[in-house]
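Trainee: quick check, what structure comes out for this input:
(chains A, B, C and D)
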Protein chains: 2
Amino acid sequence: MSSENQNSRSKILKTTCQLLEAGDGNKVRMSDIAKASGISRQAVYLHFPSRSELLIAAARYIDETENIDLRLAKSRNSERGVDRLEAFIEAWANYIPSVYGVAKALMVMKEHDVEAKAAWDDRMRALRHGCQAAVNGLAKDRMLQSGMTKKEAVDLLMVVISIRNWEELTKEYGWSQKRYMSFIQRIARKAITEPSP
Amino acid sequence: MSSENQNSRSKILKTTCQLLEAGDGNKVRMSDIAKASGISRQAVYLHFPSRSELLIAAARYIDETENIDLRLAKSRNSERGVDRLEAFIEAWANYIPSVYGVAKALMVMKEHDVEAKAAWDDRMRALRHGCQAAVNGLAKDRMLQSGMTKKEAVDLLMVVISIRNWEELTKEYGWSQKRYMSFIQRIARKAITEPSP
DNA sequence: ATGTTTACTTTACACCGTGTAAAGTTGACA
DNA sequence: TGTCAACTTTACACGGTGTAAAGTAAACAT
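Mentor: Prediction:
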């Protein structure tokens, strides 16, 4: 039933992502999304009750199409904790550019909107699981930096690989994705692992 | 002339800072500021043409009362580049808590408001000068990490000591200022300096 | 063929916060 | 007594989100 519904819904999600990705001016309003989707503004509200819920759905939509879960799962194959950390960061860093548009919109919105804040926190919790796993891998190898708790290592890793930092380095300071990746991997390693002999 | 004017003006600035500092809910409107200042909302507009200009003035006001210039100048006394980096970060890190409220409001606002964005960029340019000086000090001692340009080092330092990261570690993850300081100093050192023999 | 349902459109409006406009009040100072 | 400055009060425009409700057009069922 309602394949038309499905089509409209995913059309909205798709154009939302496109607009946010392109989003030079960053200001993507409900009316912009409607216009770009070829439907009325009210019709958008038939599919998504609010702007924040639309953004959340868009984030989920990207997760599915980009298959982030698979990517992160793959990063868990390395034997050594240090390699695993590197692979984890690589997977995450490659994922950032594809969510950036939507993530940015959510980041801005979470400052005012409770729902957006909750959605953001939820996604950060998921990322934290990945960081926790990476840190556990390091601890197993006794490669966690001495005098550092696991919690501290996870917190630091979260901060180092944050989207904000990616944004600043690439968007603000013009770093290439490649350069970003190698420097962040190195910093993360130096920040939380014990230098090997 | 107009000492009354001056009094009202600084009263507004003061309460603005207070509200933003306290700012649990973060939403500090012009009417909130007016009410807390004991004047009408319109009177606020007699002193500041817009919300963004008020925030900018508030930031300047804090700079003056906290004497940030002096603090940063002091950090330039160390002889060794590495010590100087450490002192610079210490001065900056101690400054963050006192501007955080206003800075946060500006950060949020800059996403929508051109003026706020310009003001923010201006402040970041000032901070960058400090970073540049610290990096120059390292380069002089040949302590800059091998294979790293000065620009890269400055960019990384900017990111590592960013207010966003401070916010995440202290506000989100509950780190104490002391712990923040020591970890960030260490990460900055490891990120951009050559490990000494 | 008729009615019902579904996916929309169109029009209109309430709400919130920013910012503008203008007329009125109050006190100081000359 | 007049005028200037700092303010108050009231009112309103604007942009963006979200609600409400009546209308339309095609699909489907009986």
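Trainee: quick check: next helix or strand after the helix ranked longest in chain A?
Mentor: As assigned by DSSP state H, the longest helix anywhere in chain A is helix A:81-109. For helix A:81-109, the following helix or strand on the C-terminal side (DSSP states H and E) is helix A:114-140.
Trainee: and the longest helix of chain A, does that touch chain B?
Mentor: Yes. For helix A:81-109, a contact with chain B is found by CB under 8 Å from any CB of the partner chain, at residue A:108. Quick note: C-beta positions are derived from backbone N, CA and C, even for glycine.
Trainee: for that helix, buried residues please.
Mentor: A:81-82, A:84-93, A:95-96, A:98-109 (16 or more other CB atoms under 10 Å in any protein chain shown).
Trainee: tell me what angle that helix forms with helix A:114-140.
Mentor: Taking axes from the mean of the first three to the mean of the last three CA atoms, to 10 degrees, one finds helix A:81-109 and helix A:114-140 inclined to each other by 170 degrees.
Trainee: the closest residue to residue A:44 other than its chain neighbours: which element?
Mentor: Leaving out its chain neighbours, the residue that sits closest to residue A:44 by CB to CB, 6 or more residues apart in numbering or on different chains is residue A:34, at 4.9 Å. Per DSSP H and E, residue A:34 falls inside helix A:30-37.
Trainee: that helix near DNA strand D anywhere?
Mentor: Yes. Helix A:30-37 reaches DNA strand D (CB under 7 Å from any atom of the strand) through A:30, A:31.
Trainee: what's the answer for stretch A:104-112, then?
Mentor: No. On the criterion CB under 7 Å from any atom of the strand, stretch A:104-112 is out of touch with DNA strand D, staying 9.1 Å away.
Trainee: what's the average pLDDT for that stretch?
Mentor: The pLDDT scores in stretch A:104-112 average 95.
Trainee: also stretch A:163-177?
Mentor: Per-residue scores along stretch A:163-177 average to 98.
Trainee: which residues does it contact?
Mentor: Outside stretch A:163-177, the residues that touch it by CB atoms under 8 Å, 6 or more residues apart in numbering or on different chains are A:93-94, A:96-97, A:99-100, A:103-104, A:107, A:159, A:180, A:183-184, B:155-156, B:158-159, B:162, B:164-165, B:168.
Trainee: repeat the analysis, applying 6 Å as the threshold.
Mentor: Identification of contacts with stretch A:163-177 by CB atoms under 6 Å, 6 or more residues apart in numbering or on different chains yields A:96, A:103, A:180, B:155, B:159, B:164.
Trainee: wait, a strand at the fourth one?
Mentor: It stands for residue B:155. No. Read with DSSP: H, G, I helix; E, B strand; the rest coil, residue B:155 is helix and lies in no strand.
Trainee: which residue is the nearest non-sequential neighbour of it?
Mentor: residue A:173 (4.5 Å).
Trainee: relative to DNA strand C, how far out is that neighbour?
Mentor: For residue A:173, the distance to DNA strand C equals 29 Å [CB to the nearest atom of the strand, to the nearest Å].
Trainee: verify the stated contact: residue A:115 with residue A:54.
Mentor: No. With contacts defined as CB atoms under 6 Å, residue A:115 does not count as touching residue A:54, sitting 10.8 Å away.
Trainee: ok, these two, which is more surrounded?
Mentor: Remark: of residue A:115 and residue A:54, residue A:54 carries more neighbours, 21 against 16, as counted by other CB atoms under 10 Å in any protein chain shown.
Trainee: what residues are up against that one?
Mentor: Contacts for residue A:54 (CB under 6 Å, 6+ apart) come out as residue A:48.
Trainee: try 7 Å
Mentor: By CB atoms under 7 Å, 6 or more residues apart in numbering or on different chains, the contact set of residue A:54 is A:16, A:48.
Trainee: now do the SS call for it.
Mentor: With three-state DSSP as the basis, residue A:54 sits in helix.
Trainee: from chain B, how far out is it?
Mentor: Note on residue A:54: its distance to chain B, by CB to the nearest CB, to the nearest Å, is 18 Å.
Trainee: low-confidence ranges, chain A, go.
Mentor: Within chain A, the stretches with pLDDT under 70 are A:1-6, A:24-26, A:197.
Trainee: again, 50 this time
Mentor: Within chain A, the segments meeting pLDDT under 50 span A:1-4.
Trainee: residues near the residue nearest to residue B:155, how many?
Mentor: Neighbours of residue A:173 using other CB under 10 Å come to 18.
Trainee: that older thread, if we go by neighbour counts, what in the helix holding residue A:34 is buried?
Mentor: Neighbour counts over helix A:30-37 (16+ other CB under 10 Å) mark A:30, A:32, A:33, A:34, A:36, A:37 as buried.
Trainee: cool, and stretch A:61-73?
Mentor: Buried residues in stretch A:61-73 (16+ other CB under 10 Å): A:61, A:62, A:63, A:68, A:71, A:72.
Trainee: before we move on, which element is the residue nearest to residue A:96 when sequence neighbours are not counted in?
Mentor: Using CB to CB, 6+ apart and skipping residues adjacent in sequence, the residue nearest residue A:96 is residue A:166, 5.0 Å away. Assigned by DSSP H and E, residue A:166 belongs to helix A:163-166.
Trainee: quick check: next helix or strand after that helix?
Mentor: helix A:177-192.
Trainee: can you give me the buried ones in that next one?
Mentor: Neighbour counts using 16+ other CB under 10 Å place A:180, A:181, A:183, A:184, A:185, A:186, A:187, A:188, A:189, A:190, A:191, A:192 of helix A:177-192 among the buried residues.
Trainee: and what of stretch A:37-48?
Mentor: By neighbour count on 16+ other CB under 10 Å, the buried set for stretch A:37-48 is A:37, A:39, A:44, A:47, A:48.
Trainee: please list the members of those that lie in strands.
Mentor: Among the buried residues of stretch A:37-48, no residue falls in strands (DSSP state E).
Trainee: as a markdown table, those residues with distance to residue A:134 would be great.
Mentor: Putting those into a markdown table (distance: CB to CB, whole Å) gives the following:
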| residue | distance to residue A:134 |
| --- | --- |
| A:37 | 39 |
| A:39 | 43 |
| A:44 | 39 |
| A:47 | 37 |
| A:48 | 34 |
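Trainee: so which of the residues you listed also contact DNA strand C?
Mentor: Answer for the buried residues of stretch A:37-48 near DNA strand C (CB under 7 Å from any atom of the strand): A:39, A:47.
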